[in-house]
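Chemist: output the structure for:
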Amino acid sequence: MENIVLEKQNQISGKVVVGGFGVLFMVVVGIVLALATGIMETLGYESRNINGNGLTNTQSGYSWGLNTFYFAKGQDFFAEYETVIHKGSLVIHLYEIGTAPSGDTPYHKVVSQSGRGTIKFPIQESGLYHISFSGSVLGEKQGDWSYDLSYQIRWGIR
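Modeler: Numbering: from 1, shown residues only. Presented below is the predicted three-dimensional model:
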């Protein structure tokens, strides 16, 4: 009798685990489809305080969402940001995987003043892209080799 009960419990446990993985898989597929079709446009959000001297930096804050995503030609990447910049600047890079982020790319923005703004980069070539945010010593105050800033940024596709 005890063996029958254990067998039934194992069967039920196995079905629950398989069902749970099925639900998780469907949620992930649903999110990817919602992002790919434009139903859901936000890919991520980040709120950070960063300061540094050009060689090292200190960061606090949080981030959620996708930093790497497949974009199709013709889609528009956007980033809505709010910054408080005491020194230096915020650098926003969107770059295709396999290339290095640089100021020479069309998907590069330097924000050197406090305020709000929106940037939009039309995607010219389909591929896997990565978004990054960093502080830079380049800013309004020349000769000061440090940065101190905070920002909130939301990014996605339209």
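Chemist: report the contact partners of the nearest residue to residue 61 once chain neighbours are set aside.
Modeler: Nearest residue to residue 61, sequence neighbours excluded (Cβ to Cβ, 6 or more residues apart in numbering): residue 48, at 3.6 Å. Where you see a C-beta, it was placed from the backbone N, CA and C, and this is true even at glycine. Residues near residue 48 by Cβ atoms under 8 Å, 6 or more residues apart in numbering: 59-63, 133, 150-151.
Chemist: again, 10 Å this time
Modeler: The neighbourhood of residue 48, defined by Cβ atoms under 10 Å, 6 or more residues apart in numbering, consists of 59-63, 90, 133-135, 149-153.
Chemist: between the residues you listed, which is nearest residue 77?
Modeler: Residue 77 lies nearest to residue 153 out of the contacts of residue 48, by Cβ to Cβ, at 12.3 Å.
Chemist: tell me the bridge partners for that closest one.
Modeler: residue 46, residue 81 (DSSP bridges).
Chemist: that one: how many residues sit nearby?
Modeler: For residue 153, the neighbour count with other Cβ atoms under 10 Å is 22.
Chemist: coming back round to it: the residue nearest to residue 61 and residue 23: what is the separation?
Modeler: Residue 48 is 33 Å from residue 23, where distance means Cβ to Cβ, to the nearest Å.
Chemist: follow-up on the earlier one: need the contacts of residue 48 in CSV (columns: secondary structure).
Modeler: Formatted as CSV, the contacts of residue 48 follow (DSSP: H, G, I helix; E, B strand; the rest coil):
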residue, secondary structure
59, strand
60, strand
61, strand
62, strand
63, strand
90, strand
133, strand
134, strand
135, strand
149, strand
150, strand
151, strand
152, strand
153, strand
